[in-house]
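Asker: sequence? don't have it. structure:
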């Protein structure tokens, strides 16, 4: 059960060549290999458009996932559509895999919908901005699935910074004690805003903490989409079989700022950024696909057209969109509004009318 302090599991080396790893299978159908590449590229294209829209004043804030495409696509692509995802706020790739549209994602960052319009219809919980709270929600959902006799798995997404939160400790312990069918997926992107991971973890890895909870822990190269796919496949099947939770640490890097309100040059060295840029997950995987005969110019053209289409869709739905009705937030807390909330809504309505 113990986690080695050695380097993370890799199926594709940084130079795009296959590694000697034998525990996991990298032999996926060619169409699946190409699809993984397409979703990684499209995720990055959409991410670029989100940043552009924020800089143009159409969004108040945005949290980029640039550099983490492999970690997200690999983790979700192997799951069933009935498996529940409990995201933080950076999982664009996961949302795309589940069929959540750019317009639905954009509505969250524009503030025109609270939490996520249509997310739950795709077995995706609303975006969680508070750090680490969704881990408890994921474990609760997993335990509910146990009691209902379902074979679904829940995946709790978190960053390295969230592992310093008490809620995460409680969720890990609860899941282990009750053998909940839950996978804790840590995208270790090296920085919790301006705090480096070595200021949060004294041990050799985040994955090694799994030993203390009594669950398996595995450390994978988060810039290797096939390694992430394989690790999540194993953890999900383990959970589905009733063997309990797994902690996965996907070692990756946040290429951009924490959010668009952050300036990473104040705390991050340019040499470090360049070092990780050389490990770019998309270019690495493209080289691998070329070596196995999957990548072609036609594939690249199709992927480019897909990315351009989604960027246009996002802009068309966000640029100049009307502001939301602030009174709507009172209607989405409970199925039937409480008398207290109804009174608050009327007070706010009166104030807004007076200011108009």
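Answerer: Now that the structure is in, tell me what you want to look at. Please read all numbers here as calculations on a predicted model, not as lab measurements. Residues are numbered from 1 along each chain as shown.
Asker: Now do the contacts for the residue nearest to residue 257 when sequence neighbours are not counted.
Answerer: In space, and not counting its chain neighbours, residue 257 is closest to residue 264: 4.8 Å by C-beta to C-beta, 6 or more residues apart in numbering. All C-beta spots, glycine's among them, are computed from the backbone N, C-alpha and C. Taking C-beta atoms under 8 Å, 6 or more residues apart in numbering, we find residue 264 in contact with 191, 194, 256-258.
Asker: From the rest of the structure, what touches the helix or strand where residue 350 lies?
Answerer: Element membership for residue 350 (DSSP states H and E) is helix 339-355. Contacting residues not belonging to helix 339-355 are listed as 326-327, 330, 333-334, 337 [C-beta under 8 Å, 6+ apart].
Asker: quick one, what contacts the spatially most central residue of the chain?
Answerer: When the chain is reduced to its mean C-alpha position, the nearest residue by C-alpha atoms, centre = their mean turns out to be residue 91, at 3.0 Å. By C-beta under 8 Å, 6+ apart, residue 91 lies in contact with 65, 72, 85, 157.
Asker: got it, and residue 105?
Answerer: Contacts of residue 105 by C-beta under 8 Å, 6+ apart are 46, 50, 92, 95, 116, 314.
Asker: And the contacts of helix 339-355, which of them are buried?
Answerer: residue 330 (16 or more other C-beta atoms under 10 Å).
Asker: Please identify which two of the contacts of helix 339-355 are farthest apart in space.
Answerer: Using C-beta to C-beta, the contacts of helix 339-355 span at most 17.6 Å, a distance reached by 326 and 334.
Asker: which residue ranges form the strands in the chain?
Answerer: 84-86, 154-159, 182-188, 191-192, 195-196, 217-221, 246-251 (DSSP state E).
Asker: Between which two of the contacts of residue 91 is the distance greatest?
Answerer: 65 and 85 (14.3 Å).
Asker: quick one: low-confidence parts of the stretch 51-200 of the chain?
Answerer: Counting by pLDDT under 70, the stretch 51-200 of the chain has low-confidence residues at 114.
Asker: Please repeat the previous calculation with a cut-off of 50.
Answerer: Along the stretch 51-200 of the chain, no part satisfies pLDDT under 50.
Asker: how about the helices in it?
Answerer: 69-77, 92-97, 102-110, 133-148, 166-177 (DSSP state H, counting those that start in this stretch).
Asker: got the contact list for the last one?
Answerer: Outside helix 166-177, the residues that touch it by C-beta under 8 Å, 6+ apart are 132-133, 135-136, 138-139, 142, 156, 158, 162, 180, 182, 184, 209-210, 213-215, 244-245, 247.
Asker: Just the buried residues of these.
Answerer: Buried among the contacts of helix 166-177 (16+ other C-beta under 10 Å): 132-133, 135-136, 138-139, 142, 156, 158, 162, 180, 182, 184, 209-210, 213, 215, 244-245, 247.
Asker: Next, the contact list for residue 247, please.
Answerer: So residue 247 contacts 172, 184, 186, 206-207, 209-210, 213, 215-218 (C-beta under 8 Å, 6+ apart).
Asker: Repeat the analysis, applying 6 Å as the threshold.
Answerer: Counting by C-beta atoms under 6 Å, 6 or more residues apart in numbering, residue 247 touches 184, 207, 210, 215, 217.
Asker: Then residue 131?
Answerer: 162, 165.
Asker: Mean confidence (pLDDT) on stretch 284-292, please.
Answerer: Stretch 284-292 carries an average pLDDT of 97.
Asker: scratch that, stretch 323-339
Answerer: 88.
Asker: And that stretch, end to end?
Answerer: 27 Å (C-alpha to C-alpha, to the nearest Å).
Asker: same question, stretch 235-246
Answerer: So stretch 235-246: terminal residues 6 Å apart, C-alpha to C-alpha.
Asker: Name the surrounding residues that touch that stretch.
Answerer: 79, 151, 153, 175, 179-183, 215-216, 248.
Asker: In a markdown table, list the strands of the chain along with distance to residue 275.
Answerer: Putting the strands of the chain into a markdown table (distance: least, C-beta to C-beta, whole Å) gives the following:
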| stretch | distance to residue 275 |
| --- | --- |
| strand 84-86 | 31 |
| strand 154-159 | 20 |
| strand 182-188 | 16 |
| strand 191-192 | 14 |
| strand 195-196 | 14 |
| strand 217-221 | 14 |
| strand 246-251 | 13 |
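Asker: Need the winner for burial among the ones you listed.
Answerer: The highest mean neighbour count among the strands of the chain, using mean count of other C-beta atoms under 10 Å, belongs to strand 182-188: a mean of 29.
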